[in-house]
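1. coords below, sequence missing:
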């Protein structure tokens, strides 16, 4: 697989430097490129820190800015950032009101963010953690991975922090937002790591991978690939299985996994919207684009997040980041 | 090649319906889906209409909204919209101050937009046309194709129209903006049409296509693919060849061609920025993303647009469209 890159081992960092240069009006790299933070921090506001492996851009670096994250810690490709990176980010953004960590539900991320939180707390800081676990392909919530729904959780928490919400309340809101969010992914072609010459998994013509995550891992189920309507119905069936949506309006977020053209994403969006509305879920807000990716994977995920009045207001609140802006 | 689609022949229109549903707060489809227009038109403002084949999304439909286009006419995949579509769009957006057509320099587009303009003028309307021809791979300006630089021309004209600029002045400004803009593209993998099973051109491992357009056509030159720095140097050499940039600040726009992950685009951006600055071009503004695409082509283009005070102010002016928003 071809890539625009120089040294494969340095690719993620070279790309990060490009990102920081392109968005220097809004963000700045921390010392040693341990984290990327907002150029202007707000005194007295709770700091929001997230992070994870590289290869998922624009997640998380593209969400640093007003109304969303204060800092993001990028690891190597598909590899958690180190505790040291997260501690540095916490120290850089703590404005006296404490720091909230937003962590995707993967063992490596959980462990490293937890170690960082303990270190910071021992040093006298206030730190809380919200875990995002939206991937219904993995079964029960405790085992669910954090995938595209992370964008929703980071957006609403960012808006609430901007309004002045206190650390403990943000943690409660974060759990509520995560619980209201479900995602499912499908891949038509696997991803290729910069350091590898073949895909992380190989699909035959006419095959798709249902329940795929964002780390190049295969999903729970390989299935025959039908037309768009079949694929979307299969995905939405899984999304709505056991989901008590109570007729509330929802955010429908169709996300590309890295190499999926926009025309395909909007086709999926149209089909998913029709499916959801015919199953009693009113689509109140929409987002379509490649925001939570897996390098060059060809695939898409569908996320449904139930919006009560609070969550809808926080979703609508202004945001000014490199990747989300309204 | 796999795609999220149902009937291949209906794919572009199904996707368009999804797009219109997702962005119904801002845009509305015209009768028969001949065009997509802003939901709220501004009385007395010159109307801006563009269009072209489908498969280049978000160009042009994603640029319909405040501060940019009033309407876009989507054709079939890689096929010009019909004169009939363009006439319908002109009639829908003309608010008494005339209509400006923004056309990419391809024979089919030129012919169909010209026929539409003649029809509208015979019916008593005022219509002017701006042709975008930014692709330096094609040699002299008259033969240059319109590619990613079209975004820049549409953005600055949209801002100027919003400020109340008159039709004749907009046409002059459009020619000036187009002349200030140069682009060059490279593909690492060709595109696949929904109705075809193989790529429009096939590259061997280690080969790239330099000077590629956005219609799946091959470029002027097949070349050995080096590392990122080599590719970018080759592209920027072509961009700056004979370009009298006079030390003015420039917009650097790195554009993905459809299947290129963001991490690769930012890597290209960082390298291009360094190259330009070491050759006397100051990068004053930046844009990175997949905005002018060619279905699922893996590739990128680099656009440099020279910014005088006027063009910089118009670029910075507020814009609120599905794809560009600030």
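-> Here it is on my side, so go on. As the structure is a computational prediction, the values presented were derived from the model and not from experiment.

2. and residue A:189, how many neighbours does it have?
-> Neighbours of residue A:189 under the rule other C-beta atoms under 10 Å in any protein chain shown: 23. Any C-beta I mention is one placed from the backbone N, CA and C, and that applies to glycine too.

3. interface residues of the stretch 1-150 of chain A facing chain B?
-> Counting by C-beta under 8 Å from any C-beta of the partner chain, the stretch 1-150 of chain A comes close to chain B at A:2-7, A:11-12, A:14-19, A:21-23, A:54-55, A:57-58, A:62.

4. hmm, 10 Å instead?
-> A:1-8, A:10-25, A:54-59, A:61-62, A:77 (C-beta under 10 Å from any C-beta of the partner chain).

5. name the residue of the stretch 1-150 of chain A that lies nearest to chain B.
-> The minimum distance from the stretch 1-150 of chain A to chain B, using C-beta to the nearest C-beta, falls at residue A:18 (2.9 Å).

6. how far away is that residue from residue B:252?
-> The gap separating residue A:18 from residue B:252 is 11 Å, by C-beta to C-beta, to the nearest Å.

7. need phi/psi at the residue of the stretch 1-150 of chain A closest to chain B.
-> With angles defined as degrees, to the nearest 10, residue A:18 sits at phi -60, psi -40.

8. my read is that it contacts residue B:263, right?
-> Yes - when contacts are counted by C-beta atoms under 10 Å, residue A:18 is listed as touching residue B:263 (8.9 Å).

9. picking up where we left off before, show me the residues of the stretch 1-150 of chain A next to chain B that map onto strands.
-> Among the residues of the stretch 1-150 of chain A next to chain B, the subset assigned to strands under DSSP state E consists of A:54, A:77.

10. so how do I select the buried members of the residues of the stretch 1-150 of chain A next to chain B in ChimeraX?
-> Of the residues of the stretch 1-150 of chain A next to chain B, the buried ones can be selected in ChimeraX as follows, counting by 16 or more other C-beta atoms under 10 Å in any protein chain shown:
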select /A:1,2,3,4,5,6,11,12,14,15,16,17,18,19,20,21,22,23,54,55,56,57,58,59,61,62,77
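
11. residue A:306 is in contact with residue A:244, correct?
-> Yes - with contact defined as C-beta under 10 Å, residue A:244 reaches residue A:306; the gap is 9.0 Å.

12. and those two? Which one has more around it.
-> Using other C-beta under 10 Å, the more surrounded residue of residue A:244 and residue A:306 is residue A:306, with 22 against 7.

13. contacting residues around residue A:115?
-> Shown in contact with residue A:115 (C-beta atoms under 10 Å, 6 or more residues apart in numbering or on different chains): A:82-84, A:86-87.

14. in JSON lines, list the residues you listed along with pLDDT.
-> Shown next, in JSON lines, are the contacts of residue A:115 (pLDDT from 0 to 100):
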{"residue": "A:82", "pLDDT": "98"}
{"residue": "A:83", "pLDDT": "98"}
{"residue": "A:84", "pLDDT": "98"}
{"residue": "A:86", "pLDDT": "98"}
{"residue": "A:87", "pLDDT": "98"}
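
15. who wins on neighbours among the residues you listed?
-> Busiest of those [other C-beta under 10 Å] is residue A:86, holding 31 neighbours.

16. apart from its chain neighbours, what residue comes closest to that residue?
-> Spatially, and ignoring its direct neighbours in sequence, residue A:86 is nearest to residue A:116 (3.5 Å; C-beta to C-beta, 6 or more residues apart in numbering or on different chains).

17. what is in contact with residue A:18 and residue B:252 at once?
-> Overlap of the contact sets of residue A:18 and residue B:252 (by C-beta under 10 Å, 6+ apart) consists of B:269, B:272-273, B:286, B:288.

18. sorry, back to before: quick check: closest non-adjacent residue to the residue of the stretch 1-150 of chain A closest to chain B.
-> residue B:270 (2.9 Å).

19. what residues are up against that neighbour?
-> Contacts for residue B:270 were tallied using C-beta under 10 Å, 6+ apart; they are A:14-22, B:228-229, B:232, B:254, B:288.

20. follow-up on the earlier one: ok, and which of the shared contacts of residue A:18 and residue B:252 reach chain A?
-> Among the shared contacts of residue A:18 and residue B:252, chain A is touched by B:269, B:272-273, B:286, B:288 when using C-beta under 10 Å from any C-beta.

21. for residue B:258, see how far away the closest residue to chain B within the stretch 151-300 of chain A is.
-> In the stretch 151-300 of chain A, no residue comes nearer to chain B than residue A:270, which is 2.9 Å away by C-beta to the nearest C-beta. According to C-beta to C-beta, residue A:270 stands 19 Å off from residue B:258.

22. hmm, residue A:109 and residue A:82 touching each other?
-> No - look at residue A:82 against residue A:109 with C-beta under 10 Å: they stay out of range, at 11.1 Å.

23. what's the overlap in contacts for the two?
-> Taking C-beta under 10 Å, 6+ apart as the contact rule, residue A:82 and residue A:109 both touch A:51, A:73, A:75.

24. where along the stretch 101-250 of chain A do the helices fall?
-> A:107-122, A:149-162, A:167-179, A:228-240 (DSSP state H, counting those that start in this stretch).

25. hang on, the earlier thing: closest to residue B:221 out of the ones next to chain A among the shared contacts of residue A:18 and residue B:252?
-> Using C-beta to C-beta, the shortest approach to residue B:221 within those belongs to residue B:272, at 18.9 Å.

26. around that closest one, how many other residues sit close by?
-> 29.

27. looks to me like it is in a helix.
-> Yes - read with DSSP: H, G, I helix; E, B strand; the rest coil, residue B:272 is one of the residues of a helix.

28. pLDDT at it, what is it?
-> pLDDT for residue B:272: 98.

29. surely it and residue B:251 touch.
-> No - using C-beta under 10 Å, residue B:272 makes no contact with residue B:251, being 11.8 Å away.

30. what touches both of the two?
-> With C-beta under 10 Å, 6+ apart, residue B:272 and residue B:251 have common neighbours B:283, B:286, B:303-304.

31. isn't residue A:84 up against residue A:75?
-> No - using C-beta under 10 Å as the test, residue A:84 is too far from residue A:75 to be in contact (11.3 Å).

32. between those two, which contacts overlap?
-> Residues within reach of residue A:84 and of residue A:75 at once, by C-beta under 10 Å, 6+ apart, are residue A:112.

33. sorry, back to before: mind putting the contacts of residue A:115 in a markdown table, secondary structure included?
-> Shown next, in a markdown table, are the contacts of residue A:115 (three-state DSSP):
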| residue | secondary structure |
| --- | --- |
| A:82 | coil |
| A:83 | helix |
| A:84 | helix |
| A:86 | helix |
| A:87 | helix |
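
34. identify the residues contacting the helix or strand bottoming out on mean pLDDT in chain A?
-> Within chain A, no helix or strand scores below strand A:221-224, which has a mean of 90 by mean pLDDT, DSSP states H and E. Here strand A:221-224 makes contact (C-beta under 10 Å, 6+ apart) with A:137, A:186, A:201, A:203-204, A:206-212, A:230-231, A:234, A:238.

35. how does it look with 8 Å?
-> A:137, A:203, A:206-211, A:234 (C-beta atoms under 8 Å, 6 or more residues apart in numbering or on different chains).

36. show the buried residues in those residues.
-> A:137, A:203, A:208-211, A:234.

37. between these, which is nearest residue A:312?
-> residue A:137 (26.6 Å).

38. show me what contacts the closest one?
-> Taking C-beta under 8 Å, 6+ apart as the definition, contacts of residue A:137 comprise A:145, A:184-185, A:210-213, A:219-221, A:238.

39. most surrounded residue in these?
-> Ranking the contacts of residue A:137 using other C-beta under 10 Å puts residue A:212 first, with 31 neighbours.

40. I'd say it and residue A:219 touch.
-> Yes - using C-beta atoms under 8 Å, residue A:212 is in contact with residue A:219, at 3.9 Å.

41. name the residues contacting each of those two.
-> Listed contacts common to residue A:212 and residue A:219 are A:137, A:185-187; contacts here mean C-beta under 8 Å, 6+ apart.
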